[in-house]
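1. Predicted model follows, preceded by the sequence.
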Amino acid sequence: MTPLEFLYYIGYILKKRRSLRLQRSLPYAVISIGNITVGGTGKTPATMAVAKESIKRGFSPVILTRGYRGKVKGPCIVSPDKLLAGSFTGNPLAVIHTVRDAGDEPVLMAERLKGVPVIKSASRYEGGIFALQSFLSDTDAPFLFILDDGFQHWGLRRDINIVLVDGLDPFGNRKMLPFGILREPLGELKRADIFVITRRRDERLADELRNAWPGKPVYFSEYRVVGARNKAAAELPLEALRNKRAFAFCGIAHPESFRQTVVSLPLLLAGFKAYRDHHFYTPGDMHNLERQSRGLQCDVLLTTEKDMIKLKELKIPDTVFSLEMEWNSEAAFYDEVFKKVSSKKRAKG
């Protein structure tokens with residue numbers, strides 16, 4: 001371990017010990033979806049998928065998120081177009097709508113999950129209490145709290161830790177920040193209850209996880225394009241992209257993964273532009289993208305849903321589409337998650 005890694009590790013240990021000492025619990029089951037590395041592994045899409053499945057299984061999900069780069073610390077509810085989620089009875093002043101206040105991922109989840117409360121709060125416990133005070137309970141559909149990016153949030157006790165592992169680049173060089181991509185030592189994966197390998201089906205990685213942490217189930221997931229939509233919500237069938245010339249751009253943690261997604265479609269990728277993760281677009285950015293697209297004689301510009309959330313604040317042409325993606329895993333994964341939720345719920349009485 002290098003001196004800088006050691007300093008990072010000391011800070012990590014102190015923060016973890018303090019958070020665990022002050023850890024609190026909510027009166028309903030809590031699922032955490034997270035990872036052990038920096039960058040994207042599909043946590044937000046997985047969170048949405050688990051929330052949708054929980055509704056089918058008789059729960060009322062509430063998503064708790066810190067809302068990275070959102071200015072408001074919370075607790076507050078994220079609601080697009082000033083439409084309140086569910087049976088909200090709280091303070092209307094605690095409702096936020098913009099990406100700059102909430103962050104791009106919370107706004108995306110609120111748009112995609114109509115009626116599911118998305119609560120932004122630096123403290124997930126305070127966010128959970130805010131939700132309990134702000135929404136009417138349904139005895140037939142008990143609350144279920146889902147932590148988006150919660151593996152390192154020790155301040156709230158959780159019942160299930162779902163850890164996503166990137167099948168393309170699981171742990172980088174296996175060093176911690178700042179010389180690697182690990183947020184904490186690999187040995188901390190002992191806290192995981194369920195592993196899900198994302199982005200690629202890697203059987204060797206699955207075997208490594210099973211051998212290192214016996215008894216913890218390992219599943220695979222898929223992330224596929226299901227459609228395209230522009231700012232005006234006009235849908236573009238995937239078949240309509242066939243043989244089109246496209247210019248793609250994004251500001252996400254792994255831009256190459258988006259480029260590969262576009263390449264897999266029945267079109268010609270004529271140009272590609274990557275921005276830093278969580279990039280806030282300016283009119284100048286949009287002007288440059290349109291200019292490059294015209295120069296390459298492109299028919300459409302393609303981006304991610306997360307990027308489109310921010311582009312909606314700008315004047316953009318109807319030829320800019322975001323690719324709608326769907327995350328899913330094996331049926332056995334959902335069965336395992338909700339079997340554990342049910343057993344925890346019974347244990348709580």
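-> Perfect, I can see it now. This structure is a prediction, so every number in the text was calculated from the model and none was measured.
2. what's the distance between residue 178 and residue 45?
-> Applying C-beta to C-beta, to the nearest Å, the value for residue 178 to residue 45 is 28 Å. Every C-beta, even on glycine, is put in place using the N, C-alpha and C of the backbone.
3. which one of the two has more residues nearby?
-> More crowded of residue 178 and residue 45, by other C-beta atoms under 10 Å: residue 45, with 25 against 11.
4. mind listing what the lengthiest strand in the chain pairs with, with the direction of each?
-> As assigned by DSSP state E, the longest strand anywhere in the chain is strand 218-230. In the sheet, strand 218-230 lines up against strand 194-198 (parallel), strand 235-236 (antiparallel), strand 320-329 (antiparallel) (DSSP bridges).
5. Arrange those strands in TSV, one row each, with mean neighbour count, mean pLDDT and distance to residue 183 as further columns.
-> Output for the strands paired with strand 218-230, formatted as TSV (neighbours: other C-beta atoms under 10 Å; pLDDT from 0 to 100; distance: least, C-beta to C-beta, whole Å):
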stretch	mean neighbour count	mean pLDDT	distance to residue 183
strand 194-198	23	97	16
strand 235-236	16	88	37
strand 320-329	20	94	21
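6. Quick one: the strands in the stretch 1-150 of the chain, in order.
-> 30-34, 60-65, 76-78, 95-96, 118-120, 143-148 (DSSP state E, counting those that start in this stretch).
7. can I get these in a markdown table with distance to residue 194 and mean neighbour count?
-> What follows is the strands of the stretch 1-150 of the chain, written out as a markdown table (distance: least, C-beta to C-beta, whole Å; neighbours: other C-beta atoms under 10 Å):
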| stretch | distance to residue 194 | mean neighbour count |
| --- | --- | --- |
| strand 30-34 | 10 | 27 |
| strand 60-65 | 17 | 27 |
| strand 76-78 | 27 | 28 |
| strand 95-96 | 32 | 20 |
| strand 118-120 | 23 | 30 |
| strand 143-148 | 14 | 26 |
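8. and of these, who's closest to residue 204?
-> Between residue 204 and the strands of the stretch 1-150 of the chain, the tightest spacing by C-beta to C-beta is seen for strand 30-34, at 22.8 Å.
9. tell me the angle the closest one makes with strand 60-65.
-> Strand 30-34 and strand 60-65 are oriented at 40 degrees to each other (axes from the mean of the first three to the mean of the last three C-alpha atoms, to 10 degrees).
10. quick revisit: buried ones in the longest strand of the chain?
-> 218, 219, 220, 221, 223, 225, 228, 230 (16 or more other C-beta atoms under 10 Å).
11. what's the answer for stretch 48-59, then?
-> 48, 49, 50, 51, 52, 53, 54, 59.
12. Show residues contacting it.
-> Residues from elsewhere that reach stretch 48-59 (C-beta atoms under 8 Å, 6 or more residues apart in numbering): 31, 33, 61, 63, 109, 112-113, 116, 140-144, 146, 162, 326-329, 334, 337-338, 341.
13. Turn the strands paired with strand 218-230 into CSV, columns for distance to residue 5.
-> Output for the strands paired with strand 218-230, formatted as CSV (distance: least, C-beta to C-beta, whole Å):
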stretch, distance to residue 5
strand 194-198, 25
strand 235-236, 47
strand 320-329, 32
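14. Which of those strands sits closest to residue 245?
-> strand 320-329 (13.4 Å).
15. Off-centre distance for the closest one?
-> 13 Å (C-alpha atoms, centre = their mean, to the nearest Å).
16. and what of stretch 295-305?
-> Put simply, stretch 295-305 sits 25 Å off its chain's centre (C-alpha atoms, centre = their mean).
17. Tell me the spacing between the closest residue to residue 66 other than its chain neighbours and residue 102.
-> Excluding its sequence neighbours, the residue lying closest to residue 66 (C-beta to C-beta, 6 or more residues apart in numbering) is residue 122, at 5.8 Å. Residue 122 sits 13 Å away from residue 102, going by C-beta to C-beta.
18. So for these two, which residue has more residues nearby?
-> residue 102 (29 against 15).
19. The more buried one contacts residue 78, doesn't it?
-> Yes. Judged on C-beta atoms under 8 Å, residue 102 makes contact with residue 78 at a distance of 4.5 Å.
20. okay, and the common contacts of those two?
-> Common neighbours of residue 102 and residue 78 (criterion: C-beta under 8 Å, 6+ apart): 67, 96, 110, 120.
21. per-residue confidence for residue 87?
-> Here the pLDDT value assigned to residue 87 is 67.
22. let me redo that: residue 138
-> 67.
23. can you give me the helices in the protein?
-> 3-21, 43-56, 99-102, 104-112, 124-134, 203-212, 255-263, 283-295, 305-311, 331-348 (DSSP state H).
24. Now mean pLDDT too, for these, in TSV please.
-> TSV is the format used below for the helices of the chain (pLDDT from 0 to 100):
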stretch	mean pLDDT
helix 3-21	91
helix 43-56	95
helix 99-102	89
helix 104-112	92
helix 124-134	94
helix 203-212	97
helix 255-263	93
helix 283-295	96
helix 305-311	93
helix 331-348	80
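25. So for residue 193, which of the ones you listed sits nearest?
-> Going by C-beta to C-beta, the one of the helices of the chain nearest residue 193 is helix 331-348, 6.7 Å.
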